[in-house]
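> show me how the following folds:
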Amino acid sequence: MDYFSLKAAATETNARFSGRKVRETKQVSSREAILRLEREESLLLSIDPVRPGLFILDGDLPATTEPSPFGDLLSARIRGTVMTAIAMPGPGERIVFLTFEPGWPAKAGEPISLVLEVMGRHSNLAAIHRGRILQPMKAVPVAKSPGRPFLAGEIWRPPPPRPGLPPEEVGPQNLPESEHSEAIAGLLQAVRGLSPYTARQALLWASDGGRDAITEAIRAMLESSDGAQGWLHHIGERTHLSSFQPVIFTGSEETIRFFTPFSAAATEWRETGPGDPSSRLDETGRMAAELGRMEKRLTSILAQLNRERERCSSHEEVRIMAESLLINASTISPGVESISLPNPYMPEKTLSLTLDPSLTALQNADRLFDEARRLKRGLEEIPSRTAQIERDLYALENARGSLLEKGDPAPASGLLEGYSPAPPKGTGTPFRAYRGPGRKHTFEGFTILVGRSGTDNEKLTFQAAGPHDLWLHARDYAGSHVVILTGKRKIPEKVVYHAAALAAESSGARNESSPEIMVTERKWVRKLRGGKPGKVTVQRYRTVRPKKEDS
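This is a model prediction of the structure:
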């Protein structure tokens, strides 16, 4: 359920169940619990990653149960109580509090709450008393969530707020000015609680009327989320649950079904099950979230590279320290940990050096010379690494647009494939899961590999590349082999020119204003008999001349 649907479910549940006694409780699976109330109606609380939410059921409880500490707590603390309130405490957040009080006036006790967090695969349910978690349905240890463990005895804290303002507070001034192709992504960042589906619906409701019309559409969608009605929007094989009147996207293979009340639509939507093709919507949400985490990681790496640039810029100062130490080595006693020496280029100034007392003065000088060389090499490498991260961020924005606007997951899938969920602990360099030959780039959903040495070129060309993948190389210059992995897809010319620019940058033609780059299928590339690794002959090819802006 998205924010609008959960709001409708909570509003309807509060109107129908507030003040009614809980007759029976059951945990029917590791992800679902049911409360049976008076008048033979039941409330299902689900943290299933595909269909999480709040559902009203009719009839008997399922026969199957799953023994667990959470199920035992429901029976001991919730059964026999009166449900007094069902509310969403924070606008824009998919959290529902269900409050229960003792069922008999004479019975001593304090209110107890169930908090349902509807957040896809991070959904959870817990019993709360005096702000502390009595028992969670799904325990989340400190190792998995250092900032917010979900364990018995821990203080319950709301999840970190997501970006943007709640739908109830958003105004035209808070919405981004963006082209239609970027409007959905912009809304998702500006308005908390929207899903790709509801963001697209808001744009359709607004009918290109600008930010004022989008604001009015969001307010109308909120007003309609009162639990009185619901809709199922079938688009091909996908099914969307809606608490407001949906707008047809394309007019082809689309049907809209009306239900009253909202719970009738929600129940049917839930019964489609995890295996239903509509779960692809959740996959879109998952990929969008992964892209968000990837963007945060890349932005962090850029900041880290900037810090590294400042550190590596000190290579000349370190070299001067090494020279001063070398000049004055004969005057330095063994075992000294720190010393002040004159600057050989500015004798009126002194240099403060920290030494390794286990090394001689000459060995300390060698160590500083090595460090100066490493810093200088690092400073030379940082611009290309920064440019690559910036290209990845650009590709990420394109992939997000394709995913959310066009419903095409291929660019996002290709982009995410080459990255691990997080960089290794204790390292300060960008980390990629790719372990094959060459450096891996992603552009417009295509994987591009760039060789780093002769041996690497050979492995890239004759092991990583297939016969129909595209191979590129600077004509008449030494340089990297570049391969575009086609995946049996037609490669757009802008991808070819981007790869050609990479080939030019990684060759002796990097300073040419219009370098000539050979392009051919890998099957036309042959090893040069008796040649060194990476030496090849090409039987047939075409040439392109990339420009600087193609990179």
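> work out for me the element the closest residue to Thr386 other than its chain neighbours sits within.
Of all residues not flanking Thr386 in the chain, Leu305 sits nearest, at 5.2 Å (CB to CB, 6 or more residues apart in numbering). Every residue, glycine included, has its C-beta placed from N, CA and C. Here Leu305, judged by DSSP states H and E, is contained in helix 280-312.
> residues in contact with the residue nearest in space to the middle of the chain?
By CA atoms, centre = their mean, the mean C-alpha position of the chain lies nearest to Glu290, the distance being 2.2 Å. Shown in contact with Glu290 (CB atoms under 8 Å, 6 or more residues apart in numbering): Ala412, Leu416.
> how about the helices in the stretch 201-350 of the chain?
Assigned by DSSP state H, counting those that start in this stretch, the helices in the stretch 201-350 of the chain fall at 210-224, 262-270, 280-312, 315-327.
> next, the angle from the longest helix along the chain to helix 315-327.
Determined from DSSP state H, the single longest helix within the chain is helix 361-401. If you take axes from the mean of the first three to the mean of the last three CA atoms, to 10 degrees, helix 361-401 sits at 170 degrees to helix 315-327.
> which other helices and strands contact helix 361-401?
Judged by 3 or more CB pairs under 8 Å, 6 or more residues apart in numbering; DSSP states H and E, the packing partners of helix 361-401 are helix 180-190, helix 280-312, helix 315-327, helix 410-417, strand 439-443.
> out of the ones you listed, which is closest to Met1?
helix 280-312 (10.9 Å; CB to CB).
> show me which positions of the lowest-mean-pLDDT helix or strand in the chain end up buried.
Least confident helix or strand, the chain: helix 410-417 with a mean of 71, by mean pLDDT, DSSP states H and E. Applying a neighbour-count criterion of 16 or more other CB atoms under 10 Å, one finds Ala410, Pro411, Ala412, Gly414, Leu415, Leu416 buried in helix 410-417.
> can you redo the residues you listed as TSV with distance to Ala266?
Putting those into TSV (distance: CB to CB, whole Å) gives the following:
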residue	distance to Ala266
Ala410	32
Pro411	33
Ala412	29
Gly414	35
Leu415	34
Leu416	31
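> of all those residues, which comes closest to Pro344?
Distances from Pro344 to the buried residues of helix 410-417, taken by CB to CB, are shortest for Leu415, at 50.5 Å.
> who touches the closest one in this structure?
Leu291, Met294, Asp392, Ala395, Leu396, Ala399, Thr442, Gly445.
> per-residue pLDDT, Ala465?
Per-residue pLDDT puts Ala465 at 87.
> ok, it touching Val482?
No - Ala465 is beyond contact range of Val482, at 10.0 Å (criterion: CB atoms under 8 Å).
> the more surrounded of those two?
Applying other CB atoms under 10 Å to Ala465 and Val482 shows that Val482 carries more neighbours, namely 33 against 25.
> distance between the helix holding Leu305 and the chain's centre?
7 Å (CA atoms, centre = their mean, to the nearest Å).
> tilt between that helix and helix 361-401?
Using the same axes, to 10 degrees: helix 280-312 against helix 361-401 is 150 degrees.
> Pro533: neighbouring residues, count only.
With other CB under 10 Å as criterion, Pro533 counts 13.
> how far away is it from Trp156?
60 Å (CB to CB, to the nearest Å).
> could you do Lys535 as well?
The value you get for Lys535 to Trp156, if CB to CB is used, is 65 Å.
> pick out whichever of the two has more residues nearby.
Per other CB under 10 Å, whichever of Lys535 and Trp156 has more neighbours is Trp156, with 19 against 14.
> wait, doesn't that one sit right on Gln135?
No - counting by CB under 8 Å, Trp156 stays clear of Gln135, with 11.5 Å between them.
> so what sits against both of the two?
Common neighbours of Trp156 and Gln135 (criterion: CB under 8 Å, 6+ apart): Ala126.
> give the buried residues for stretch 462-480.
Buried residues in stretch 462-480, defined by neighbour count with 16+ other CB under 10 Å: Phe462, Ala464, Ala465, Asp469, Leu470, Trp471, Leu472, His473, Ala474, Tyr477, Gly479, Ser480.
> not counting sequence-adjacent ones, nearest residue to Glu117?
Glu117 sits nearest to Asn124 (CB to CB, 6+ apart), 4.9 Å away.
> what is the neighbour count of that neighbour?
Asn124 has 20 neighbours, counted by other CB under 10 Å.
> residues in contact with Thr543?
Taking CB under 8 Å, 6+ apart, one finds Arg475, Glu516, Ile517, Met518, Val519 in contact with Thr543.
> rerun at 6 Å
By CB atoms under 6 Å, 6 or more residues apart in numbering, Thr543 lies in contact with Glu516, Met518.
> just Pro515 next, same as before
Pro515 makes contact with Ala474, Ala504, Ala509, according to CB under 6 Å, 6+ apart.
> what values do phi and psi take at the residue lying closest to the second one once chain neighbours are set aside?
Looking back up the chat, that one is Ala504. Spatial nearest neighbour of Ala504, chain neighbours left out: Pro515 (4.3 Å); criterion: CB to CB, 6+ apart. The phi/psi pair for Pro515 (degrees, to the nearest 10) reads phi -70, psi 150.
> measure the residue lying closest to Ile214 once chain neighbours are set aside to Ala220 for me?
Counting by CB to CB, 6+ apart, Ile214 lies nearest to Ala206, which is 4.4 Å off, once chain neighbours are set aside. When distance is defined by CB to CB, Ala206 is 10 Å away from Ala220.
> when those two are compared, which one has more neighbours?
Ala206 (20 against 15).
> thought that one was touching Glu216?
No - with contact defined as CB atoms under 6 Å, Ala206 does not reach Glu216; the gap is 7.4 Å.
> output the helices and strands packed on helix 361-401 in TSV, with distance to Asp48 appended to each entry.
Converted to TSV, those look like this (distance: least, CB to CB, whole Å):
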stretch	distance to Asp48
helix 180-190	23
helix 280-312	10
helix 315-327	56
helix 410-417	24
strand 439-443	33
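> nearest to Ser75, out of the ones you listed?
Checking the helices and strands packed on helix 361-401 against Ser75 by CB to CB gives helix 280-312 as the closest, at 31.2 Å.
> mean confidence score for the closest one?
On average, helix 280-312 scores 75.
> angle of that helix against helix 410-417?
Helix 280-312 runs at 50 degrees relative to helix 410-417, counting by the same axes, to 10 degrees.
> got the domain ranges for this structure?
Annotated domains of the chain cover 3-136, 173-272+279-283, 309-399, 434-550 [automatic domain parsing].
> can you flag the weakest of those by average pLDDT?
domain 173-272+279-283 (a mean of 82).
> quick one, helices of the stretch 451-551 of the chain?
Using DSSP H, counting those that start in this stretch, helices in the stretch 451-551 of the chain cover 454-459, 493-505.
> picking up where we left off before, from the buried residues of stretch 462-480, pick the one nearest Arg540.
Trp471 (11.4 Å).
> for the closest one, what are its contacts?
So Trp471 contacts Val483, Thr520, Arg522, Val525 (CB under 6 Å, 6+ apart).
> show me the two of those that sit farthest apart.
Most distant of the contacts of Trp471, by CB to CB, are Val483 and Thr520, 10.9 Å apart.
> how about the contacts made by Met346?
Contacts of Met346 (CB under 6 Å, 6+ apart): none.
> and the residue nearest to the centre of the chain, how close does it get to Asp370?
With distances taken as CB to CB, Glu290 is found 40 Å from Asp370.
> got it, and Val519?
42 Å.
> which one's more surrounded, these two?
Each of Val519 and Asp370 has its neighbours counted (other CB under 10 Å); Val519 has more, 21 against 12.
> who does the residue nearest to Arg489 when sequence neighbours are not counted bridge with?
Excluding its sequence neighbours, the residue lying closest to Arg489 (CB to CB, 6+ apart) is Phe446, at 7.7 Å. Applying DSSP bridges to Phe446 yields these beta-bridge partners: Phe443.
> okay, now Phe446: neighbour count?
Per other CB under 10 Å, the neighbour tally for Phe446 reads 23.
> that one contacts Val495, correct?
Yes - the pair Phe446 and Val495 qualifies as a contact (CB under 6 Å) at a distance of 5.1 Å.
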